[in-house]
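*Asks:* coordinates for the following, if possible.
(chains A and B)
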Amino acid sequence: DTGVSQNPRHKITKRGQNVTFRCDPISEHNRLYWYRQTLGQGPEFLTYFQNEAQLEKSRLLSDRFSAERPKGSFSTLEIQRTEQGDSAMYLCASSQEGRHTEAFFGQGTRLTVV
Amino acid sequence: GDSVTQMEGPVTLSEEACLTINCTYTATGYPSLFWYVQYPGEGLQLLLKATKADDKGSNKGFEATYRKETTSFHLEKGSVQVSDSAVYFCALRGSSGNTPLVFGKGTRLSVIA
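*Replies:* Alright, predicted model coming up:
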């Protein structure tokens, strides 16, 4: 296992289009997280899954955002009707369950909305 | 809710200088504390962690001690190298363990030869 994998690495889209990102976590990890990072800021939590159940969603996650993890393995994050303010790095992370466990991050998908 | 506050950067140091990056947190109970590092062009990676009060995490010459009384987890290194140039993020996971990591805004470190 080579770690958390995210695709695509870069995405440029026109305002109003829909985009979908994929994350493949470390195989034995049952938790999967999505974060958003803008320039000069730390990662901001969007949502997380334990197996296939979506356990928590941030207020940052507007109705235009949806995430799935259908079989408890890979996950997708879809943004509908993209806006320029959606331009950011979208990070995926995975971890084992437990309060002391660290999260392992992918390299992110950089979204640019023009 | 839980939060993390880091000193603002950028921090510029000469090689072999001492480094301290301050981090304080607000959380109930006993969170787990982490430092992550992001090298240019790479993803976030764990640098060190501490899971209970007075624990010291260490890795690659970096250290941080979990101070409950001051709610702090400052990152230190005695002698920095050019290769330490990166952005450093302090983070916490709440006591329940059922919450995601909460990050500070990050501190950019530049080390010059």
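*Asks:* ok, how many other residues are close to residue 97?
*Replies:* All of this is about chain A. Applying other CB atoms under 10 Å in any protein chain shown, we find 12 residues neighbouring A:E97. In short, each C-beta sits where N, CA and C put it, glycine included.
*Asks:* try again with chain B
*Replies:* Around B:G97 there are 13 residues (other CB under 10 Å).
*Asks:* hang on, isn't it packed against A:G98?
*Replies:* Yes - with contact defined as CB atoms under 8 Å, B:G97 reaches A:G98; the gap is 5.6 Å.
*Asks:* contact partners of stretch A:70-85?
*Replies:* For stretch A:70-85, the external contacting residues (CB atoms under 8 Å, 6 or more residues apart in numbering or on different chains) are A:13-25, A:27, A:30, A:32, A:34, A:46, A:49, A:51-52, A:64-69, A:86, A:90, A:92, A:111, A:113-114.
*Asks:* out of the residues you listed, which are inside strands?
*Replies:* Cross-referencing these against strands under DSSP state E gives A:13, A:19-24, A:32, A:34, A:46, A:49, A:65-68, A:90, A:92, A:111, A:113.
*Asks:* only whichever of the residues you listed are buried, select them in PyMOL.
*Replies:* Entered in PyMOL, the line below selects the buried ones among the ones in strands among the contacts of stretch A:70-85, by 16 or more other CB atoms under 10 Å in any protein chain shown:
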select buried, chain A and resi 13+19+21+23+24+32+34+46+49+65+67+90+92+111+113
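*Asks:* now residue 75, nearest residue through space, not along the chain?
*Replies:* In the absence of a named chain, this looks at chain A. Closest residue to A:S75 apart from its sequence neighbours, by CB to CB, 6 or more residues apart in numbering or on different chains: A:R69 at 4.2 Å.
*Asks:* my bad, the chain I had in mind was chain B
*Replies:* Per CB to CB, 6+ apart, closest to B:L75 is B:I21, 4.4 Å.
*Asks:* neighbours around that neighbour, how many?
*Replies:* Applying other CB under 10 Å, we find 23 residues neighbouring B:I21.
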